[in-house]
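S.K.: this is the structure alone, sequence omitted:
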């Protein structure tokens, strides 16, 4: 529904042009916006009778009253002070203006509602197309769902910044299905790709960091071509957000397309993971490795199994690195210098991260 | 305005990756400090921890004497400028700059005052009524800066704010940024991977690598007295040459054996190497390209430090040229010389090393020997 502030702004604007005092009342006669001093929140006793009457406008005690309809039912009453013909015209214009505002707001609310239900898979396929058509939403354009997760709940600053970046007149939708996630359904040009979306997401991230000082994560689904698939893009973005936090924790922008093997591991059932880990590491879990060993392993992977580069980056002698890798081989039976062993170890480490995450989040 | 104190700051991500460790740093009020290092060195993470956008895993962070580890970013009295930013397309430049203040419910008179002041400092008064779509890259960056300026924070945090601009504009903007700092007299912490930008802007530079501070010093000291091979290599372009050499002694004194050739050291350099126990050991010799000379006058005057090298390639860079040389077919070095009397490719020439500018590093620890 329209906020009282917007009603107030509207009649203030009209008064500035016409110099005629205007008020807006609810159906009980409570004055919710007015250009006159000292009468806000007071009750106008003549309104109740006017509302139940058949008349659309009426002159009572020096004020002209007009009904404002929403779907053929009266929603507000507008009053204009004065008995003259032009006061009548201005009052009529004011009620017409507020009625149009109601329609616009309702449409916006309907669109928001539609997008929410679309994302949450609450609509039948036939309803999706019918409602999209009714709301003048194009059905077969390229779109992508982007989730912006804020650290704090109901981060209004962040929402405000995102709304400002994508103003309502664009074809993008901004909505929220819970208190920590802002969802952007963005319409794409034919030439735009996921890389462009990643760049845009980085810019949104930086803007949110700078303007709203909000710590956020942004996840991007895949590009879909049909409105019915927007919910799939949304689910992918949700998964990217989750998987990104497990495997790419230092990244604040994560696209579903870039999840790699993490996407596969995320789908594995926990008992299977446990079995895999116990087969690989038998008694010793990767959690038992000390920080030095873990740093060595991670650095060795980062440098594509290059011994010289890893030792250089770790400030250790090449032989020290070789000794550490030998020791690891003795403990686990896996030689990280051999590709097959390295890939097994890498997957095992990722599985352990995944299991830890799932246990912590009480799967 | 505030001083900032980082005491034993560490950042470990939940997946076990250590991004920053043992970060100890005192930043004075009104100082312009630049965190510089290659990508992934932890400089941005350090900045984000100061901003409160990343949690501090260990250690204490003080902003203006207040322990700030658990203070929300919005309550830290900071303003940030990033490499990327998005303008609000439906708002004028004035509204874009004012938006942050409007959200904070600051009076419109105060907003007007601050926006006008910021626009004046940044030289964008004439753009205040323009829409963002009509602005150039440099103008947009100024608006982004304006959004931060109007907040009048105690500390400005800037993460590669000029990286997206083309070279000429970047140089211009960094000069303007230095001017703005002089005018505002506020603490600025700036992050960049570009050492030239860092040297041009910072009163002190914090060189980082792999999450660890390598050296904190003035731009000049970092160039002339690097603490280790990494700093020596990172600061300066073209990068410093590193040559492996053996420290030997002969009846003439201490010499450095480079390939099959040797150079004789000055007494003071000799003393350092002997005292630190490097006689008859391998060390790394560092010499900047600009300290390798090919002029006859220099070579005549520095007979003790002359080597023979082959010119593999030349690259003319305007009034100077880079010579890519090899000593004894395997030691590769670069010299930056005057384009007059440029040797031919393939030619064998004499090169003189300026022994006063030569630096030594331990072969294994890569720490400076001084």
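M.R.: That came through fine. What you see is a predicted model; the values in this text were computed from it and never measured.
S.K.: could you use CA atoms for every contact and neighbour count after this?
M.R.: Fine.
S.K.: how does the chain divide into domains?
M.R.: All of this is about chain A. Domain assignment for chain A by automatic domain parsing gives A:4-105, A:141-263, A:268-360.
S.K.: should've been chain B
M.R.: Annotated domains of chain B cover B:4-234, B:241-369 [automatic domain parsing].
S.K.: pull the contacting residues for the residue in the stretch 201-350 of chain B that chain A sits nearest to.
M.R.: Per C-alpha to the nearest C-alpha, residue B:210 is where the stretch 201-350 of chain B lies closest to chain A, at 8.0 Å. Going by C-alpha atoms under 8 Å, 6 or more residues apart in numbering or on different chains, residue B:210 touches B:19, B:20, B:40, B:41, B:42.
S.K.: run the last query once more with 10 Å
M.R.: Counting by C-alpha atoms under 10 Å, 6 or more residues apart in numbering or on different chains, residue B:210 makes contact with A:313-314, B:18-21, B:37-43.
S.K.: ok, residue B:357 next?
M.R.: B:224, B:225, B:286, B:287, B:288, B:290, B:291, B:292.
S.K.: okay, and which of the residues you listed map to helices?
M.R.: Here DSSP state H is the test, and the contacts of residue B:357 give residue B:224 as lying in helices.
S.K.: still on that earlier bit, winner for burial among the domains of chain B?
M.R.: Of those, the one with the most neighbours on average (mean count of other C-alpha atoms under 10 Å in any protein chain shown) is domain B:4-234, at a mean of 19.
S.K.: dihedrals phi and psi, residue A:295?
M.R.: phi -60, psi -40 (degrees, to the nearest 10).
S.K.: next one: residue B:327
M.R.: When read as degrees, to the nearest 10, the backbone of residue B:327 gives phi -110, psi 130.
S.K.: isn't residue B:64 right up against residue B:26?
M.R.: No - between residue B:64 and residue B:26 there is no contact under C-alpha atoms under 10 Å: 11.1 Å.
S.K.: which neighbours do the two share?
M.R.: B:3, B:4, B:5.
S.K.: quick one: closest of the domains of chain A to chain B.
M.R.: When those are compared for distance to chain B using C-alpha to the nearest C-alpha, the nearest one is domain A:141-263, at 4.7 Å.
S.K.: first-to-last residue distance for the closest one?
M.R.: 27 Å (C-alpha to C-alpha, to the nearest Å).
S.K.: now render the domains of chain B as CSV, adding mean pLDDT.
M.R.: As requested, those are exported to CSV (pLDDT from 0 to 100):
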stretch, mean pLDDT
domain B:4-234, 91
domain B:241-369, 92
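S.K.: so how far is stretch A:300-309 off the chain centroid?
M.R.: Distance, stretch centre to chain centre, for stretch A:300-309: 39 Å (C-alpha atoms, centre = their mean, to the nearest Å).
S.K.: okay, now the unreliable bits of chain A?
M.R.: Along chain A, the model assigns pLDDT under 70 to residues A:1, A:169, A:283-284, A:286-287, A:362-363.
S.K.: would you map the strands across it?
M.R.: A:22-25, A:31-34, A:57-60, A:63-70, A:73-81, A:143-150, A:173-175, A:181-187, A:216-220, A:253-255 (DSSP state E).
S.K.: adding mean neighbour count and distance to residue A:302, write those strands out as JSON lines.
M.R.: Listed next are the strands of chain A as JSON lines, based on neighbours: other C-alpha atoms under 10 Å in any protein chain shown; distance: least, C-alpha to C-alpha, whole Å:
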{"stretch": "strand A:22-25", "mean neighbour count": "26", "distance to residue A:302": "66"}
{"stretch": "strand A:31-34", "mean neighbour count": "23", "distance to residue A:302": "64"}
{"stretch": "strand A:57-60", "mean neighbour count": "16", "distance to residue A:302": "77"}
{"stretch": "strand A:63-70", "mean neighbour count": "23", "distance to residue A:302": "63"}
{"stretch": "strand A:73-81", "mean neighbour count": "22", "distance to residue A:302": "65"}
{"stretch": "strand A:143-150", "mean neighbour count": "26", "distance to residue A:302": "28"}
{"stretch": "strand A:173-175", "mean neighbour count": "20", "distance to residue A:302": "38"}
{"stretch": "strand A:181-187", "mean neighbour count": "22", "distance to residue A:302": "32"}
{"stretch": "strand A:216-220", "mean neighbour count": "26", "distance to residue A:302": "24"}
{"stretch": "strand A:253-255", "mean neighbour count": "25", "distance to residue A:302": "19"}
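S.K.: now intersect the shared contacts of residue B:64 and residue B:26 with the strands, please.
M.R.: Counted as lying in strands by DSSP E, out of the shared contacts of residue B:64 and residue B:26, are B:4, B:5.
S.K.: of all pairs in the contacts of residue B:357, which one spans the longest distance?
M.R.: Pairwise distances across the contacts of residue B:357 (C-alpha to C-alpha) peak at 17.8 Å, for the pair B:225 and B:292.
S.K.: beta partners of the residue lying closest to residue A:172 once chain neighbours are set aside?
M.R.: Among residues not flanking residue A:172 along the chain, residue A:186 sits closest, at 4.7 Å (C-alpha to C-alpha, 6 or more residues apart in numbering or on different chains). Note on residue A:186: beta-bridge partners residue A:144, judged by DSSP bridges.
S.K.: in its sheet, what does the helix or strand harbouring residue B:262 sit against?
M.R.: Assessed by DSSP states H and E, residue B:262 sits inside strand B:261-264. According to DSSP bridges, strand B:261-264 forms sheet pairs with strand B:253-258 (antiparallel).
S.K.: return the distance of the strand it pairs with from the chain's centre.
M.R.: Computed by C-alpha atoms, centre = their mean, the chain-centroid distance of strand B:253-258 equals 33 Å.
S.K.: same question for stretch B:277-297.
M.R.: 24 Å.
S.K.: need the contact list for residue A:266.
M.R.: Contacts of residue A:266 by C-alpha under 10 Å, 6+ apart are A:239, A:242, A:243, A:246, A:247, A:259, A:350, A:351, A:354, A:355, A:358.
S.K.: which residues of chain B fall in helices?
M.R.: Under the criterion DSSP H, chain B contains helices at B:43-51, B:93-103, B:108-122, B:137-149, B:167-184, B:195-201, B:219-224, B:229-234, B:267-275, B:296-301.
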